[in-house]
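*Asks:* just the structure for this:
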Amino acid sequence: MAIVFRCPTCRNLCAFEAKYAGRGARCTKCMQRFIIPSDGDAPVEKVREEPGAPISGFYRSVFIDSRKVLFGRDNIMIAVFIIAVITFKFFIGHLNFSFVVPGFAMNIPIDWITIIICWGCLFWFYMAVVESAALGADELPDIEMGEGFAFIATVIKSIYLFIVSLVLAEIPFMAAIAILRENFGIDWVWLRHGLVLAGFFFFPMILLTISSADQLWMVFRPDYIVVPICKAFRPYLVCTGLVGFAVAMQLMTVEYGSLGDARWWLVAAHLLFDILAVIVAVLAMRSVGLFYRHYSCYFGWKQE
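*Replies:* Predicted coordinates:
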């Protein structure tokens, strides 16, 4: 008789023969060690591991090995998903329908609905890429966003978590700007911009914690955020640089509604650039997950 249960870290389905109950084992997906429970309904106890050494090859994993992951033959459905989301956002994200019925005018904000759904799908995929890379997967995550109300909940949750990650990264520096302005009369433009960029610097780490840590409260432990950055500063700088580059590319994209009567080849060029921006963003998110995989020994919340 087999004991079937979920890994306490990544929720991967694990199965062992009953005779191994009480022994230590490791998840084949995320490599988390645990004690095999007596039955599938019993809680699974994690095994605390002593911090080891960083895993070498971070830069190769990001810039060389990721090419195979992003453009592998098994990613056809993922490519279709990304292209469909970007195409909808590109061509429909500016439309706003309204019509008059007896007694009142009806406005259907197709643009906002499309933008929310498309960005929710992309944010969900970005966070799934971070988590899968952090847990050791050398492939892109499957598209599993649910159906009906579950899909809507996933879209809203993904947007919410992305916004929360950015807000948590910026709050200390926004507070510093307010204190300097109100208490000391210092309101220099270059200083404000510098503090905003400093907040963005911590955004990938906070997003990683929210995506991969067991408990969301861990994001409020400054030592959990700062220590890994200090101990692996240059690799983290690569992650932040890629995320910043992806954001800059996204800000440069132009939707179809802003192109007017542009020629077809110009429209196609902007659409391709929009798709390229998402590919760069996926690479950036994967680098964030790889940062945890290679330097997990510096993460305090791994031992929680």
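*Asks:* now do the helices in the protein.
*Replies:* Secondary structure of the chain (DSSP state H): helices located at 58-60, 66-70, 76-92, 110-134, 149-184, 189-201, 203-212, 222-231, 233-252, 264-295.
*Asks:* mind listing what residue 120 touches?
*Replies:* 154-156, 158-159 (Cβ atoms under 8 Å, 6 or more residues apart in numbering). The C-beta positions use only the backbone N, C-alpha and C, and glycine is treated the same way.
*Asks:* from the residues you listed, which is closest to residue 42?
*Replies:* residue 154 (29.4 Å; Cβ to Cβ).
*Asks:* for the closest one, which non-adjacent residue is closest in space?
*Replies:* With Cβ to Cβ, 6 or more residues apart in numbering as the criterion, residue 154 has its nearest non-adjacent residue at 4.7 Å, and that residue is residue 145.
*Asks:* what about that neighbour, how many neighbours?
*Replies:* As a burial measure, residue 145 scores 18 neighbours (other Cβ atoms under 10 Å).
*Asks:* and if you look at residue 7?
*Replies:* As a burial measure, residue 7 scores 21 neighbours (other Cβ under 10 Å).
*Asks:* likewise the one 4 residues further on?
*Replies:* The number of residues packed near residue 11 is 11, by other Cβ under 10 Å.
*Asks:* show the contacting residues for it.
*Replies:* Contacts of residue 11 (Cβ under 8 Å, 6+ apart): none.
*Asks:* mind checking pLDDT for it?
*Replies:* Looking at residue 11, its pLDDT reads 78.
*Asks:* likewise for residue 127?
*Replies:* 93.
*Asks:* quick one: it and residue 208 touch, right?
*Replies:* No. At 9.5 Å, residue 127 does not count as touching residue 208 under the criterion of Cβ atoms under 8 Å.
*Asks:* ok, these two, which is more surrounded?
*Replies:* residue 208 (27 against 24).
*Asks:* residue 140 against residue 133, yeah?
*Replies:* No. Contact status for residue 140 versus residue 133: not in contact, 9.2 Å apart, counting by Cβ under 8 Å.
*Asks:* how is the chain partitioned into domains?
*Replies:* Using automatic domain parsing, the domain parsing of the chain gives 1-49, 55-303.
*Asks:* just name the most buried of the helices of the chain.
*Replies:* Comparing the helices of the chain by mean neighbour count (mean count of other Cβ atoms under 10 Å), helix 203-212 ranks first with a mean of 24.
*Asks:* what is residue 14 paired to in the beta sheet?
*Replies:* Here residue 14 sits in beta bridges with residue 5, as judged by DSSP bridges.
*Asks:* what about it, how many neighbours?
*Replies:* 24.
*Asks:* again with the one 5 residues further on
*Replies:* Residue 19: 10 surrounding residues under other Cβ under 10 Å.
*Asks:* give me the pLDDT for it.
*Replies:* 77.
*Asks:* quickly note the distance from it to residue 40.
*Replies:* Noted for residue 19: a distance of 15 Å to residue 40, by Cβ to Cβ, to the nearest Å.
*Asks:* now the closest residue in space to residue 110 that isn't next to it in sequence: phi and psi?
*Replies:* Of all residues beyond its chain neighbours, the one nearest residue 110 is residue 95 (4.5 Å), with distances taken as Cβ to Cβ, 6+ apart. With angles defined as degrees, to the nearest 10, residue 95 sits at phi -80, psi 140.
*Asks:* give me the number of residues near residue 95?
*Replies:* With other Cβ under 10 Å as criterion, residue 95 counts 14.
*Asks:* surely it meets residue 114?
*Replies:* Yes. Using Cβ under 8 Å, residue 95 is in contact with residue 114, at 7.5 Å.
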